[in-house]
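**Q** with the input below, show me the fold.
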Amino acid sequence: MSSVTHQADATTGPKRTVSLRRDDDEFVVSSWPGDVIIFRNRDAEALRKTCRFLRWQIVSDLFVFEDDRHSVHGK
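**A** Coordinates of the predicted model:
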């Protein structure tokens, strides 16, 4: 891939818009606005990192970073 193509890809914006929410004891990433669950994990930060890596924009994130581990693991 040429550097020109790479630069063009990086400026096109997010590939997908998603939401991050809690679903019982886990967090889920779902399509937005369709709400189809794509990923499920006990660690919300891991899901955020995955979305950033995939260049997905989280348009609705219902949790604060510090509270994620405490709310799931009860620490």
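**Q** and the residue nearest to Trp56 when sequence neighbours are not counted, how far from Trp32?
**A** By the measure of CB to CB, 6 or more residues apart in numbering, the closest residue to Trp56 outside its immediate chain neighbours is Arg16, 4.5 Å from it. In this view, the C-beta of every residue, glycine as well, is placed from N, C-alpha and C. Arg16 sits at a distance of 8 Å from Trp32 (criterion: CB to CB, to the nearest Å).
**Q** for stretch 29-37, how far is the first residue from the last?
**A** Across stretch 29-37, the straight-line distance between its terminal residues is 6 Å, by CA to CA, to the nearest Å.
**Q** same check, this time on stretch 30-50
**A** Terminal residues of stretch 30-50 lie 13 Å apart, using CA to CA.
**Q** that one - what's its average pLDDT?
**A** Per-residue pLDDT values over stretch 30-50 give a mean of 95.
**Q** so which bits of that stretch are buried?
**A** Ser30, Trp32, Phe39, Ala44, Leu47, Arg48 (16 or more other CB atoms under 10 Å).
**Q** return the member of those residues nearest to Gln57.
**A** The shortest gap between Gln57 and any of the buried residues of stretch 30-50 belongs to Trp32, at 8.8 Å (CB to CB).
**Q** list the residues that contact the closest one.
**A** With CB atoms under 8 Å, 6 or more residues apart in numbering as the criterion, the residues that contact Trp32 are Thr17, Val18, Ser19, Val59, Ser60.
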